[in-house]
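**Student:** Fold the following and give me the result.
(one chain, ligands or ions: 1)
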Amino acid sequence: MMAKNVVRVGNVEIMALSDGTLEFDLCNFFPTIPNDRWRPYESDLTEEHKVRFNLGSYLIRSDGRTILIDTGLGPKPHDAPDAPWGRLLHDFEAHGVRLDEVDAVVMTHLHRDHVGWNVLPRGETYVPTFPNARYWMSAKDWEVCHQPEIQPERFPNAPTCVWPLAELGLVELMHGEHHITRELTALPTPGHTPGHVSILITSQGERALVLGDVAHSPVQVREPDWVSRADMDPELTRQTRRALVERLEREAILVAAGHFQAPGFGRVVRLDGRRYWRGLGEGAGA
Ligand SMILES: [Zn+2]
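**Tutor:** Sure thing, here's the model as predicted:
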């Protein structure tokens with residue numbers, strides 16, 4: 001059964017949408033974690049012993065505004081018609097959401113699987129996929145995705161998915177902690193990228209956090225020191241993750257985790273002295 005893809009946090013509605021999934025070999029995505037360390041976590045892997053990541057976006061309705069967090073990996077390449085991703089616009093349609101309803105796109109960071117549907121090529125130029133949106137990103141990631149020694153490896157699709165936003169006059173930069181609406185705040189959670197942010201939602205005394213890539217797998221709730229190839233600053237990634245996971249448990253904040261199994265809603269809980277991820281709707285001990 002599909003888990004429910006809409007939750008309410010006070011007056012705010014969060015709808016989970018997805019661009020599909022991506023899979024990686026463990027040795028590719030977690031090159032520093034020996035294979036035997038995965039033994040307790042077999043159930044988090046695919047049958048082929050790979051990690052599978054949802055490409056989650058969250059559509060948030062807050063304070064009369066419609067905000068899209070992250071835009072997936074983008075259109076399927078013509079030479080990979082069977083790619084299990086490239087579905088975000090279909091998911092909008094399936095859930096009855098029009099692209100012109102989005103008035104702000106907020107990117108947790110500028111890696112390729114979070115910016116893919118920002119714009120669409122049209123002839124020699126680009127048009128915004130979300131025609132009424134301004135596009136918000138951290139000033140730090142905007143700067144670093146232009147550094148020639150970093151961009152090709154770390155931000156490979158920035159030239160076609162991020163930079164064109166400047167020519168279109170749609171770029172909005174966030175400096176440090178940034179209030180998006182009265183109920184939504186972008187919190188710096190650096191490490192995975194220098195300017196990575198998570199989005200805190202506070203309404204009517206309830207709270208939720210759109211995690212971004214502070215963790216890619218529920219396993220990292222239990223093993224917060226496991227960094228991946230995608231984490232640009234390993235030690236800062238660990239510090240940020242440890243502190244955030246601890247806070248999420250202590251304050252019982254609902255989490256929306258875009259790379260966890262869709263829809264990615266859940267909580268950090270403690271059982272027998274260790275922290276676990278519990279998906280929303282899963283029973284105690286799950
Ligand atoms: Zn990602």
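**Student:** okay, CA-based contacts and neighbour counts for the rest of this
**Tutor:** OK.
**Student:** Can I take it that Val127 is in a strand?
**Tutor:** Yes. Val127 forms part of a strand when assessed by DSSP: H, G, I helix; E, B strand; the rest coil.
**Student:** right, and it touches Thr160 too?
**Tutor:** No. Using C-alpha atoms under 8 Å as the test, Val127 is too far from Thr160 to be in contact (11.2 Å).
**Student:** Show me the helices in the chain, by range?
**Tutor:** For the chain, the helices defined by DSSP state H occupy 26-29, 88-94, 139-144, 151-154, 158-161, 164-167, 219-222, 234-250.
**Student:** Which pLDDT value belongs to Lys4?
**Tutor:** The model reports Lys4 with a pLDDT of 89.
**Student:** give me the number of residues near it?
**Tutor:** Other residues near Lys4 come to 13 when the count uses other C-alpha atoms under 10 Å.
**Student:** you'd agree it is up against Phe265?
**Tutor:** No. Between Lys4 and Phe265 there is no contact under C-alpha under 8 Å: 9.1 Å.
**Student:** Pass me the low-pLDDT residue ranges in the stretch 151-286 of the chain, would you?
**Tutor:** Applying pLDDT under 70 to the stretch 151-286 of the chain flags the ranges 283-286.
**Student:** would you list every one of the strands in it?
**Tutor:** Assigned by DSSP state E, counting those that start in this stretch, the strands in the stretch 151-286 of the chain fall at 171-174, 178-179, 184-188, 197-203, 206-210, 254-256, 265-271, 274-279.
**Student:** export those strands to JSON lines and tack on mean neighbour count?
**Tutor:** Output for the strands of the stretch 151-286 of the chain, formatted as JSON lines (neighbours: other C-alpha atoms under 10 Å):
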{"stretch": "strand 171-174", "mean neighbour count": "18"}
{"stretch": "strand 178-179", "mean neighbour count": "15"}
{"stretch": "strand 184-188", "mean neighbour count": "21"}
{"stretch": "strand 197-203", "mean neighbour count": "23"}
{"stretch": "strand 206-210", "mean neighbour count": "21"}
{"stretch": "strand 254-256", "mean neighbour count": "25"}
{"stretch": "strand 265-271", "mean neighbour count": "19"}
{"stretch": "strand 274-279", "mean neighbour count": "19"}
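**Student:** Now distance to Pro224 too, for those, in TSV please.
**Tutor:** Putting those into TSV (distance: least, C-alpha to C-alpha, whole Å) gives the following:
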stretch	distance to Pro224
strand 171-174	27
strand 178-179	26
strand 184-188	18
strand 197-203	17
strand 206-210	17
strand 254-256	16
strand 265-271	12
strand 274-279	10
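**Student:** nearest to Leu55, of the ones you listed?
**Tutor:** Nearest to Leu55 among those is strand 254-256 (12.2 Å), distances taken as C-alpha to C-alpha.
**Student:** what's the closest one packed up against?
**Tutor:** Using 3 or more C-alpha pairs under 8 Å, 6 or more residues apart in numbering; DSSP states H and E, the elements in contact with strand 254-256 are strand 206-210, strand 265-271.
**Student:** okay, these in a markdown table with distance to Leu88 next?
**Tutor:** Conversion of these to a markdown table gives the following (distance: least, C-alpha to C-alpha, whole Å):
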| stretch | distance to Leu88 |
| --- | --- |
| strand 206-210 | 18 |
| strand 265-271 | 18 |
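**Student:** Can you check which of those strands gets nearest to Leu26?
**Tutor:** Taking C-alpha to C-alpha, strand 265-271 is the member of the helices and strands packed on strand 254-256 nearest to Leu26, at 23.7 Å.
**Student:** okay, now the nearest residue to Glu235 once chain neighbours are set aside: neighbour count?
**Tutor:** Leaving aside its chain neighbours, Glu235 sits nearest to Gly191 (7.4 Å; criterion: C-alpha to C-alpha, 6 or more residues apart in numbering). Counted with other C-alpha under 10 Å, residues neighbouring Gly191 total 22.
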